[in-house]
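In: coords below, sequence missing:
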Ligand code: SF4
């Protein structure tokens, strides 16, 4: 079900959300997001290429981002940080390369299959096609949407539990992940830069403040958060 927001609510929420996020790019940086040009691959903590975005999207599952960064660095040093190079390695060689990651054998198999797909159709085609992305083993709805936005530069807001929780609290109404996605897409009018900023910002706020027991007093959204303002007399 789509939740309708009044036009004046949308205009002021959009302005406040974007202003606060742009004023807090250092906070986003601490959470691993680099606010940069709309079409740059570097939003994901400085990842350098579209290939690295795809590779890291497989590696990061059930694995800390710090470990993924170490593996990417090693791949760069060895000159195998592209899917074309991975397609020339055996599954066992890829497994050896990524063995610091949890479930590295499964991920080696997935990376090998992914490299074979991109050898056939090309990386650019894959990252712009949601249906093709979801056919890749290990890429679900959320990862596919994140890749469409950050690797394919397609203006879609990735659904996530962070966005659901934060937007539900900001509007003080319980939203589904899909409703939160639709509302953010409507707010930022499918602008590529604003979609990336909004995703990075909502994930940051969800990770740093908006827990089940939220830390509202430290949160950068508290000025416009309806949940906070409805409960501000309680200790938050
Ligand atoms: S002010 Fe509190 S409830 Fe609102 S987004 Fe921040 S942490 Fe969540």
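Out: Received the coordinates, thanks. Small disclaimer: the values here were computed from a predicted structure and weren't measured.
In: Look up how far residue 69 lies from the nearest residue to residue 23 once chain neighbours are set aside.
Out: Residue nearest to residue 23 in three dimensions, not counting chain neighbours: residue 220, with 8.0 Å by Cβ to Cβ, 6 or more residues apart in numbering. Where C-beta positions appear, they are placed from N, C-alpha and C, glycine not excepted. Residue 220 is 25 Å from residue 69, where distance means Cβ to Cβ, to the nearest Å.
In: which residues in the chain form helices?
Out: In the chain, the helices defined using DSSP state H lie at 7-23, 25-30, 50-59, 65-78, 83-87, 91-97, 104-121, 123-126, 130-134, 141-150, 161-171, 177-187, 192-208, 226-231.
In: related to what we said a few turns ago, and the residue nearest to residue 23, how many residues sit next to it?
Out: 18 (other Cβ atoms under 10 Å).
In: Check residue 23 too.
Out: For residue 23, the tally of surrounding residues (other Cβ under 10 Å) stands at 10.
In: One more: the one 10 residues further on?
Out: Residue neighbour count, defined by other Cβ under 10 Å, stands at 23 for residue 33.
In: How about it, nearest residue that isn't a chain neighbour?
Out: Nearest in space to residue 33, with sequence neighbours left out and distances taken as Cβ to Cβ, 6+ apart, is residue 200 at 3.8 Å.
In: how about that neighbour, what does it touch?
Out: 21, 28, 31, 33, 35, 43 (Cβ atoms under 8 Å, 6 or more residues apart in numbering).
In: quick one: which of the residues you listed is nearest the ligand?
Out: residue 21 (12.4 Å; Cβ to the nearest ligand atom).
In: To what extent is that closest one buried, counted in neighbours?
Out: 23.
In: these two touch, right, it and residue 195?
Out: No: between residue 21 and residue 195 no contact is recorded; they are 11.7 Å apart, counting by Cβ atoms under 8 Å.
In: Next one: residue 53 from residue 26, what distance?
Out: Counting by Cβ to Cβ, the gap from residue 53 to residue 26 is 23 Å.
In: before we move on, back to that, would you format the contacts of residue 200 as TSV with pLDDT and distance to residue 93 included?
Out: Supplementary listing: those in TSV, determined by pLDDT from 0 to 100; distance: Cβ to Cβ, whole Å:
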residue	pLDDT	distance to residue 93
21	97	41
28	98	36
31	94	33
33	97	32
35	98	36
43	98	30
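In: how about a markdown table for the residues you listed, with distance to the ligand added?
Out: Formatted as a markdown table, the entries for these read as follows, by distance: Cβ to the nearest ligand atom, whole Å:
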| residue | distance to the ligand |
| --- | --- |
| 21 | 12 |
| 28 | 15 |
| 31 | 14 |
| 33 | 17 |
| 35 | 19 |
| 43 | 21 |
